[in-house]
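Asks: here are the coordinates; sequence isn't available:
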């Protein structure tokens, strides 16, 4: 039996431990992936702290996976060993619940999540259902592709489904792990992109990523600054502060929409009269299916969108996770396993 290195959590709140395991075998409708890179996402906290209902331990985290198909199980005809693939947050669906019947697979009542429903990418090998697979373009390296499987698809999918058209004012709140990708996607989609962050020091980076305007939320009234630009058609909120999101809502233009992709325990407050008169709305957006991942990867390769990353070896996964959770990581943290 072949052996592999993996990093697992054995109990809720337990440490990330490097262990040796048998290389798993793919079952019916599954493939075995030799993991080349795996992004560390804040959502990995669900596994690390045992916050997901029904989570079973030990469990290997990781849902931003880039790798190569090593073997295929029975019933797999469309995927072959040697193909480069990615696996993201949406790790499979049942196909029979009401959301699945209407094609909303990401809302599947029994949807699978790598690193939660089954072992994820903090390992040299992992098994995935074929429903979770997306093909990796040659123009993207494994390290570049991995973060696009969650952070990328979330921002890309939210923007392309926002209703904004080229030329519209679109603001990205936050220029961090999600926001630096949001700025790039918004610019490449042809929007008049506004980056919003705290501090003058982030302006140069925001402009380098493609933002046409920059608003320093620490020195300016964000809502007033957006209104001066004609009002935002869309504000993509990537930060983890409900207070910061609330401060932008007054800057929406006619039929403007505040889309939340960053998670905050604080509520978002909106100016009710303005929302009524301006026909404004607030919306949340999850990630997407493997088909959406495929679109995200293809767009990123063609348009030149790339994540900014910090690379760690698999053996330093615990250190890399702590670095991300501490806020010390400026953008995305990626484990290189291959």
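Replies: Received, thanks. Just so it is clear, the structure is predicted and the values come from calculations on it, not from any experiment.
Asks: the strands in the stretch 151-300 of the chain, which residues?
Replies: For the stretch 151-300 of the chain, applying DSSP state E, counting those that start in this stretch gives strands covering 169-173, 192-197, 213-216, 232-237, 252-260, 281-284.
Asks: what's the most buried one of those strands?
Replies: Of all the strands of the stretch 151-300 of the chain, strand 169-173 carries the top mean neighbour count, a mean of 30, counting by mean count of other CB atoms under 10 Å. Every C-beta, even on glycine, is put in place using the N, C-alpha and C of the backbone.
Asks: Now do it: distance to the chain's middle.
Replies: 18 Å (CA atoms, centre = their mean, to the nearest Å).
Asks: Pull the residues that contact it.
Replies: Contacts to strand 169-173, defined as CB atoms under 8 Å, 6 or more residues apart in numbering, come from residues 159, 162, 164, 179, 182-183, 186, 191-196, 211, 215, 226, 229-239, 244-245, 248, 251, 253, 262.
Asks: where does the stretch 201-338 of the chain dip in pLDDT?
Replies: For the stretch 201-338 of the chain, no stretch is flagged by pLDDT under 70.
Asks: ok, residue 71 - contacts?
Replies: 25-26, 31-32, 81.
Asks: Go through those residues and name the one nearest residue 144.
Replies: Of all these, residue 31 has the smallest distance to residue 144: 21.7 Å, by CB to CB.
Asks: what's the helix or strand that contains the closest one packed up against?
Replies: Following DSSP states H and E, one finds residue 31 within strand 30-40. Packing partners of strand 30-40 (3 or more CB pairs under 8 Å, 6 or more residues apart in numbering; DSSP states H and E): strand 64-72, strand 84-87, strand 125-129, helix 142-147, helix 317-325, strand 332-336.
Asks: Buried residues, the second one. List them.
Replies: If I follow you right, that is strand 84-87. Neighbour counts over strand 84-87 (16 or more other CB atoms under 10 Å) mark 84-87 as buried.
Asks: returning to that earlier point: show me just the buried residues among the contacts of residue 71.
Replies: The neighbour-count criterion (16+ other CB under 10 Å) marks 26, 31-32 among the contacts of residue 71 as buried.
Asks: right, and residue 210 touches residue 192 too?
Replies: No. The pair residue 210 and residue 192 fails to qualify as a contact (CB atoms under 8 Å) at a distance of 10.8 Å.
Asks: Residue 62: which element?
Replies: Going by DSSP H and E, residue 62 is not part of any helix or strand.
Asks: And the pLDDT at it?
Replies: pLDDT for residue 62: 98.
Asks: Please apply the same query to residue 91.
Replies: 82.
Asks: No further questions, thank you.
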